[in-house]
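**Student:** following is a predicted model, sequence given first.
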Amino acid sequence: MRRSVGRRVAAALACAALGVSVASLSGCAQQAQLGPLERARSVNQSKHVAAQFADTPQVLDDPLGIETTKLFFPKSETLVLCDDTVEAQLRAASIAVATNAPMMVYNPATHGEYVRMIADMHTVTVLTVGNVSVAPATGVVRVQRDPGGLRALGDMTALRFQEKKVQEPASAVREIAALRQRTPTWLRAAWGDPAVLPGAVAKPFPIQSRRDANMAPQVVATWDSSIASVANARSYGAKVEVVPLPDPRRSEETLFAMAGLSDHPLVALGKQFGTSAQLAGRIRQAERNR
């Protein structure tokens with residue numbers, strides 16, 4: 001099945017590149033006859049995915065961004081750490097995506113986990129956004145506080161940020177999924193800015209190289225996915241498809257986003273997708289019932 005799909009994709013590319021021979025015209029005709037589901041399956045299965053990702057669907061329940069940081073950024077010289085308010089998470093995500101850095105939401109109850117991860121990732125610079133009770137520090141690991149505002153973003157990153165208002169928290173995930181790494185954008189909450197703690201000064205926050213090298217897996221999310229998990233996928237370079245429902249049996253759009261991936265790399269962000277095994281089974285069932 002996979003070889004057949006691959007041959008059809010190759011034929012379509014040959015049609016576009018090589019022109020008008022009878023054989024090419026025949027291949028083009030076959031490609032044109034594919035139905036919507038078959039076309040979606042062909043596109044989804046055509047991805048070349050890095051070896052660090054599982055060969056089958058993987059569901060990550062990741063409210064704090066810890067699991068997606070481990071998946072997408074096993075090593076990272078920089079880290080953005082924010083409080084749990086939506087306004088702070090929006091700003092942290094904006095910085096993380098623009099600088100190709102991971103972000104996590106700080107929970108004092110799991111302070112030790114952050115310390116271990118910073119050591120494991122060989123992180124050198126940590127930027128805190130909002131009310132994060134981690135004191136500024138210098139040394140092997142530099143901890144610096146975000147002073148807020150648009151100008152500070154340019155001072156810290158040497159990038160020219162534009163500002164976009166987010167009108168309500170429910171729009172956060174979709175806005176972050178749509179961020180473009182080459183167009184630095186501060187997603188600014190219309191209802192208020194993050195807290196700024198004493199000692200906050202705009203200091204350089206390095207920009208890392210983009211990670212994915214066009215080898216990111218298919219990533220899906222819903223409005224219930226965590227901001228941090230979506231931001232980490234985008235910071236890595238993956239496209240995040242925000243689907244209306246987590247179950248491919250109940251939504252054609254969701255099915256098309258996952259078609260052909262029941263035994264291929266797929267990252268689903270949030271427990272609403274069920275377990276990894278359940279999601280794979282639902283994809284197969286949805287394709288059989290289509």
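**Tutor:** Sure thing, it's come through. Numbering: from 1, shown residues only.

**Student:** just the element for the residue positioned nearest the centre of the chain, please.
**Tutor:** Taking Cα atoms, centre = their mean, the centroid of the chain lies closest to Ala233, which sits 1.9 Å from it. Using DSSP states H and E, Ala233 sits within helix 227-236.

**Student:** ok, and what's touching that helix?
**Tutor:** 60, 62-65, 67-69, 71-73, 86, 89-90, 92-93, 96-97, 99-105, 172-173, 176-177, 179, 181, 211-212, 216, 219, 221, 240, 267, 269-270 (Cβ atoms under 8 Å, 6 or more residues apart in numbering). C-beta here means a position set from N, CA and C on the backbone, and glycine is covered the same way.

**Student:** can you tell me which of these are buried?
**Tutor:** 60, 62-65, 67-69, 71-73, 86, 89-90, 92-93, 96-97, 99-105, 172-173, 176-177, 179, 211-212, 216, 219, 221, 240, 267, 269-270 (16 or more other Cβ atoms under 10 Å).

**Student:** report the distance from stretch 206-223 to the chain centre.
**Tutor:** 5 Å (Cα atoms, centre = their mean, to the nearest Å).

**Student:** can you give me the neighbour number for the residue lying closest to Gln89 once chain neighbours are set aside?
**Tutor:** Leaving aside its sequence neighbours, Gln89 sits nearest to Ile227 (Cβ to Cβ, 6 or more residues apart in numbering; 4.3 Å). Ile227 is flanked by 25 other residues according to other Cβ atoms under 10 Å.

**Student:** returning to that earlier point: mind checking which of the buried ones among the contacts of helix 227-236 land in strands?
**Tutor:** Judged by DSSP state E, the subset of the buried ones among the contacts of helix 227-236 located in strands is Leu60, Met103, Met104, Val105, Val219, Ala221, Val240, Val267, Leu269.

**Student:** quick check, the second one in contact with Gly65.
**Tutor:** Yes. Here Met103 lies in contact with Gly65, judged by Cβ atoms under 8 Å, at a distance of 5.6 Å.

**Student:** so Val49 sits against Pro265, correct?
**Tutor:** Yes. Between Val49 and Pro265 there is a contact under Cβ under 8 Å: 4.3 Å.

**Student:** neighbour count for the two, which is higher?
**Tutor:** Pro265 (24 against 19).

**Student:** ok, and the closest non-adjacent residue to the more buried one?
**Tutor:** Using Cβ to Cβ, 6+ apart, the nearest residue to Pro265 is Pro217, at 3.8 Å.

**Student:** how far away is the one you found from Val49?
**Tutor:** Distance, Pro217 to Val49, by Cβ to Cβ, to the nearest Å: 5 Å.

**Student:** joint contacts of those two?
**Tutor:** Pro265.

**Student:** buried sites along stretch 37-57?
**Tutor:** Buried, per 16+ other Cβ under 10 Å, within stretch 37-57: Leu37, Glu38, Arg39, Ala40, Arg41, Ser42, Asn44, Gln45, Val49, Phe53, Pro57.

**Student:** taking these one by one, which sit in helices?
**Tutor:** Leu37, Glu38, Arg39, Ala40, Arg41, Ser42, Asn44, Gln45 (DSSP state H).

**Student:** show me which of these is closest to Val124.
**Tutor:** Asn44 (37.0 Å; Cβ to Cβ).

**Student:** ok, now which ones touch that closest one?
**Tutor:** The contact partners of Asn44, by Cβ under 8 Å, 6+ apart, come to Gln218, Ala257, Met258, Ala259, Gly260, Leu261, His264.
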